[in-house]
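[1] Here you go, sequence then predicted model.
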Amino acid sequence: MQKPVAPVQDEDFFVLSSLSPGPAQKRLALAVVLFILGVSVLIASGLFSSIRVGEAVGFVPAYTSAMIVSDSITAVLLFAQFSILRTRAILVIASGYLFTALILIPWALTFPGAFAPKALIGGMQSTSGLYFFWHVGFALFVIGYASFKDGDPDNRISGTTVARAIAVSVALTAAAVSAAALFCIWGEALLPRVASDSLHFSSLWPYVVGAPVMLISIVPIIVLWIRRRSVLDLWLMVVMLTFVVDPILSFYPVPIRFGVGWYAVRTFGLLSSGLVLLVLLYEITALYGQLLGAVRAQRREREARLMTGDTVAATIAHEIKQPLSAMITRADTGRRWLDRSVPDVDKAKAEFSEIAANGLRANSMIESIRAGFKKDFRTRTLLDLNGLIEEVLLLVRDDLQKHRILFKAEPDSGLPWVTADRIQLQQVLLNLITNAIDAMASKEGRRTLSVRTARHDDGGVGVSVADSGPGIASEDMTRIFDPLFTTKSGGMGMGLPICRSIIEAHDGHFLVAPNEPSGAVFQFVLHPAQ
């Protein structure tokens, strides 16, 4: 599995317009499509033609209000996504939902019997005209979205003009709706006679309104099917399917408003619109959960780093201060014995022997501090290494993007869990990945970071971090785990020794090897949980 990390593209992976639909969403979409097609076939065949539903008082205002609210919220959420991603495709589809929400207002006001005995404004043909512009207009917006979504990702709207782009888009959409409404209301006499009266459609309706709407609505379905990649693409196809069946059920088997087919297509439209909104809200909630998890992981990592640093510093200061003070005192005393007019060499030697003894004592204390990493089971829990790697990658995501590093993840889905200290293993992974990023930061050309998990032949669970940096010189290969040895100009030489001590404290082993054709591979192996 490869995930190229680019400065402007990888944030798209977590949003509805780029997130691939999972099996559950595909099954839900298929179930909705089969339901719509099944009901449509039954209604169009005339199975329910004997049923007389009649006009439900208040249906049109209630239906219109629900659609306006749903499409308005969807438009706002999509405009918010555009403000982050700045892609023209999102701006177009957000404008499409705004177009639908706005044009429903004059459609409802011109609908016969909705707010007045005939129509609040407009004439007999105004509602059908607005219906035509509503369906054709939204279909064109979806086609525009599908056309822009595969454009050059670097050709995005700059951050300084995002607000202006949204304002212009809203203004143009409102102007388009106003123009369509004015034409259908004030120019009603110019419209074809597709409505015989306030309830029935004429024989012209399927040719002038129905067929064009249906054919134009099929086009975005085909385009999205060819280019489909995201959750949004999937549900837009479902929405456009309702636009295809709408003209059919509005005219067949009975060309009448408030018939079974007419109510069915209104219900389908409301259902599909609500599903897009619900999916959008669900994905935003899931994204918020991921963000919250990343923030918590980062906070835990920072606290662990501060705690580790403070603990090590305090321990070293407390334990080493006494032997160092003794060494300084002994050195001063020995110097004074030698500075006498008649040097007392034997006493000076004794002081120097004490200095050596205190040096050995300090070395023993350092080893005891190092031993503090070993055999501490108090904070160990069952861990999924693949999940832990994903958490760490969220912490270094910005650095990967900043240095334009191609990231390759090769997880073993069947990897057993291990019993380990989460914070300590997180620190090991973070150290190794950060070192790899630093090693490649100044390298020209392709930069690749690979993190792989796999079972070993001995039954152990292995994690390897490979980079394409300059690698480690052969003469340094045996020294990189020595405390205070570093090949980095600003390094302290403690990262790799601490990493190895943590792994060894977990009864694992730590390995390093050259990477081909360049770079280094660091690997640690742990025992699986029993």
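    Done, it's in. This one's a predicted model, so the numbers in the text were calculated from it and none came from an experiment. Residues are numbered from 1 along each chain as shown.
[2] Strands along the protein, start to end?
    With DSSP state E as the definition, the chain shows strands at residue ranges 2-4, 380-383, 406-410, 418-421, 448-455, 461-467, 509-514, 520-526.
[3] average model confidence for the shortest one?
    To tie it back to what came earlier, the one meant is strand 2-4. In this model, strand 2-4 has an average pLDDT of 40.
[4] Then the third one?
    Per-residue confidence for strand 406-410 averages out to 86 on the pLDDT scale.
[5] Tell me, how many residues neighbour Ile256?
    Ile256 is surrounded by 18 other residues when neighbours are defined as other Cβ atoms under 10 Å. Just so you know, the C-beta spots here come from the backbone N, C-alpha and C atoms, and that holds for glycine as well.
[6] tell me the contacts of it?
    Applying Cβ atoms under 8 Å, 6 or more residues apart in numbering, we find Ile256 in contact with 199-201, 262.
[7] does it have beta-bridge partners, and which?
    The partner list for Ile256 in beta bridges (DSSP bridges) reads His200.
[8] any idea how far Trp262 is from it?
    Computed as Cβ to Cβ, to the nearest Å, the Ile256 to Trp262 distance reads 7 Å.
[9] What of Gly274?
    Taken as Cβ to Cβ, the span from Gly274 to Trp262 is 19 Å.
[10] How about Thr242, nearest residue that isn't a chain neighbour?
    Nearest residue to Thr242 in three dimensions, chain neighbours excluded: Phe268, at 4.3 Å (Cβ to Cβ, 6 or more residues apart in numbering).
[11] can you check Ala66 too?
    Counting by Cβ to Cβ, 6+ apart, the nearest residue to Ala66 once its immediate chain neighbours are dropped is Leu270, at 5.9 Å.
[12] My guess is the one you found contacts Ser65. True?
    No - in terms of Cβ atoms under 8 Å, Leu270 does not count as a neighbour of Ser65; the distance is 10.6 Å.
[13] more neighbours, those two?
    Leu270 (16 against 12).
[14] Not counting stretch 381-401 itself, show me its contacts.
    Stretch 381-401 is contacted from outside by 5-7, 10, 290, 293-294, 297-298, 301, 407, 409, 411-413, 415, 417-422, 425-426, 429-430, 433-434, 437, 449, 451, 453, 461, 463, 529, using Cβ under 8 Å, 6+ apart.
[15] tell me which residues in that stretch are buried?
    When burial is assessed from 16 or more other Cβ atoms under 10 Å, stretch 381-401 yields the following buried residues: 383, 385-386, 388-393, 395-396, 400-401.
[16] so how far is it off the chain centroid?
    Relative to the centre of its chain, stretch 381-401 is centred 14 Å away, using Cα atoms, centre = their mean, to the nearest Å.
[17] pLDDT averaged over that stretch - what is it?
    Stretch 381-401 shows a mean pLDDT of 83 in the predicted model.
[18] export that stretch as PDB, just CAs?
    What follows is the C-alpha trace of stretch 381-401 in PDB, where atoms were taken according to Å, rounded to 0.1, in the frame of the first residue of the first chain:
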ATOM      1  CA  THR A 381      -1.000  -3.600  27.900                       C
ATOM      2  CA  LEU A 382      -2.100  -5.500  24.800                       C
ATOM      3  CA  LEU A 383      -1.200  -3.400  21.800                       C
ATOM      4  CA  ASP A 384      -1.900  -3.600  18.000                       C
ATOM      5  CA  LEU A 385       1.400  -2.500  16.400                       C
ATOM      6  CA  ASN A 386      -0.400  -1.600  13.100                       C
ATOM      7  CA  GLY A 387      -2.700   0.700  15.000                       C
ATOM      8  CA  LEU A 388       0.200   2.200  17.000                       C
ATOM      9  CA  ILE A 389       2.000   3.000  13.800                       C
ATOM     10  CA  GLU A 390      -1.100   4.800  12.400                       C
ATOM     11  CA  GLU A 391      -1.100   7.000  15.600                       C
ATOM     12  CA  VAL A 392       2.500   7.900  15.300                       C
ATOM     13  CA  LEU A 393       2.100   8.700  11.600                       C
ATOM     14  CA  LEU A 394      -0.500  11.300  12.500                       C
ATOM     15  CA  LEU A 395       2.100  13.000  14.700                       C
ATOM     16  CA  VAL A 396       4.700  13.200  11.900                       C
ATOM     17  CA  ARG A 397       2.300  13.900   9.100                       C
ATOM     18  CA  ASP A 398       3.200  17.600   8.800                       C
ATOM     19  CA  ASP A 399       6.900  16.700   8.600                       C
ATOM     20  CA  LEU A 400       6.300  14.200   5.800                       C
ATOM     21  CA  GLN A 401       4.400  16.800   3.900                       C
END
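[19] and Leu109, what does it touch?
    Leu109 neighbours (Cβ under 8 Å, 6+ apart): 115, 119-122.
[20] ranking the residues you listed by neighbours, who comes first?
    Gly122 (24 neighbours).
[21] about what we covered before: got a PyMOL select line for the buried ones in the contacts of stretch 381-401?
    Under the burial definition 16+ other Cβ under 10 Å, those of those that qualify are selected in PyMOL by:
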select buried, resi 5+6+10+294+297+301+407+409+411+415+418+419+420+421+422+425+426+429+430+433+437+449+451+453+461+463
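[22] Could you measure from the nearest residue to Ile73 once chain neighbours are set aside over to Leu324?
    Distances taken as Cβ to Cβ, 6+ apart place Leu277 nearest to Ile73, at 5.9 Å, with adjacent residues excluded. Leu277 sits 68 Å away from Leu324, going by Cβ to Cβ.
[23] Between these two, which is the more surrounded one?
    More neighbours surround Leu277 than the other of Leu277 and Leu324, with 19 against 14 (other Cβ under 10 Å).
[24] From Ala101, how far off is the more buried one?
    In terms of Cβ to Cβ, Leu277 sits 12 Å off from Ala101.
[25] so where's the stretch 201-350 of the chain uncertain?
    Within the stretch 201-350 of the chain, the stretches with pLDDT under 70 are 228, 297-298, 300-323, 325.
[26] residue ranges of the helices in it, please?
    Here the stretch 201-350 of the chain has its helices, by DSSP state H, counting those that start in this stretch, at 205, 211-227, 231-251, 260-339, 345-371.
[27] which residues does Trp337 contact?
    343-345, 347-348, 351.
[28] what about the residue lying closest to it once chain neighbours are set aside, how many neighbours?
    Beyond its immediate neighbours in the sequence, the residue positioned closest to Trp337 (Cβ to Cβ, 6+ apart) is Ala348, lying 4.1 Å away. For Ala348, the count of nearby residues is 19 (other Cβ under 10 Å).
[29] Fine, thanks again, bye for now.
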